[in-house]
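[1] just need the structure, nothing else, for what follows:
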Amino acid sequence: MTISTPPPELDLDEAPTYASAPVEEQRLHRKRQLAAAFRIFARYGYDEGVAGHITARDPELIDHFWVNPYSVHFSRIKVSDLLLVDARGRIAHGARRTNKAAFWIHSSIHDARPDVVAVAHAHTIHGRAWAALDRPLDPIVQESCAFWRDHVLFDEYRGLVLERDEGERIAARLGPARAAILRHHGLLTVGRTVEEAAWWFIAMNRACEMQLLAEAAGTPRIMTEEEAEVAHRQFGSANMARNNFQLLSSLVFEEEPDVLD
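    Residues are numbered from 1 along each chain as shown. Okay, here's the model as predicted:
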């Protein structure tokens, strides 16, 4: 296959990022999307006891981030439950405690990547199954190409991430990529908005599931470089990620309005 001209632009409205909005409006938007992301993750079965966390950098206190409280089920998280954590792991706003692993992984990535607003990590069935194979994803379907040459394999395992140095190693291995497969652990995605990070996580978990299914049935055909490049430009679009996430968050806001409390 030879691509002689760039693929056409996607027919999508530009999803807002609120980047130029007043700080208070940005903060409220991020917190609402963050709370909705947990409800969405619960709907998809991404909960695993007390494991899993999504963070959103505060738009004003940029070395602080908002995160879910420890031991609250994703399906019950509300905006008012979210905790604001400072650069040393101390709770700056909120009455509950946080997950230590959430701090070391997420703070290291937020420190290393000033372009990242949100980081998502959860222990999903298909994500962990793929992580056990010690391989990056292949470009076998168009949606998987959102991660073509844009994800890494973190091939260390030392148990729970309870120390700063391991969080820093994960951040260093991630580099400028949008996602990481953590061997024997699961998936991690980042984005310039909460919507992007959460959608990339959903998309990556589905990519793992699709490749597991395809390889169980036979030998998947790998896309050519040209095919993968086209699909990456289209399905790796940050605007597409925001639009896709907003379809899901709008359902949450309509069907579970207590999320905004």
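
[2] drop to CA atoms for contacts and neighbour counts, all remaining ones
    Fine.

[3] list the buried ones in stretch 237-244?
    238-244 (16 or more other CA atoms under 10 Å).

[4] swap in stretch 62-80?
    Quick answer for stretch 62-80 (16+ other CA under 10 Å): 63-70, 73-75, 77-79.

[5] can you tell me which of these is nearest residue 157?
    Nearest to residue 157 out of the buried residues of stretch 62-80 is residue 70 (CA to CA; 22.9 Å).

[6] contacts for the stretch of helix or strand residue 168 belongs to, please.
    Taking DSSP states H and E as the definition, residue 168 sits inside helix 164-174. Here helix 164-174 makes contact (CA atoms under 8 Å, 6 or more residues apart in numbering) with 104-109, 112, 151-154, 161, 180.

[7] go through those and flag which are in strands.
    Among those, the members found in strands (DSSP state E) are 151-154, 180.

[8] residue 71: what secondary structure?
    At residue 71 the chain is in coil, as set by DSSP: H, G, I helix; E, B strand; the rest coil.

[9] what pLDDT does the residue nearest to it when sequence neighbours are not counted get?
    Leaving aside its chain neighbours, residue 71 sits nearest to residue 50 (5.1 Å; criterion: CA to CA, 6 or more residues apart in numbering). Confidence at residue 50, expressed as pLDDT, is 82.

[10] one more: residue 218?
    97.

[11] looking at the protein, which helix or strand is least sure?
    When the helices and strands of the chain are scored by mean pLDDT, DSSP states H and E, helix 100-112 comes last with a mean of 86.

[12] how far away from the center of its chain is stretch 47-57?
    Remark: stretch 47-57 is offset 10 Å from the chain centroid, using CA atoms, centre = their mean, to the nearest Å.

[13] check stretch 243-254 too.
    With CA atoms, centre = their mean, you get 16 Å for stretch 243-254.
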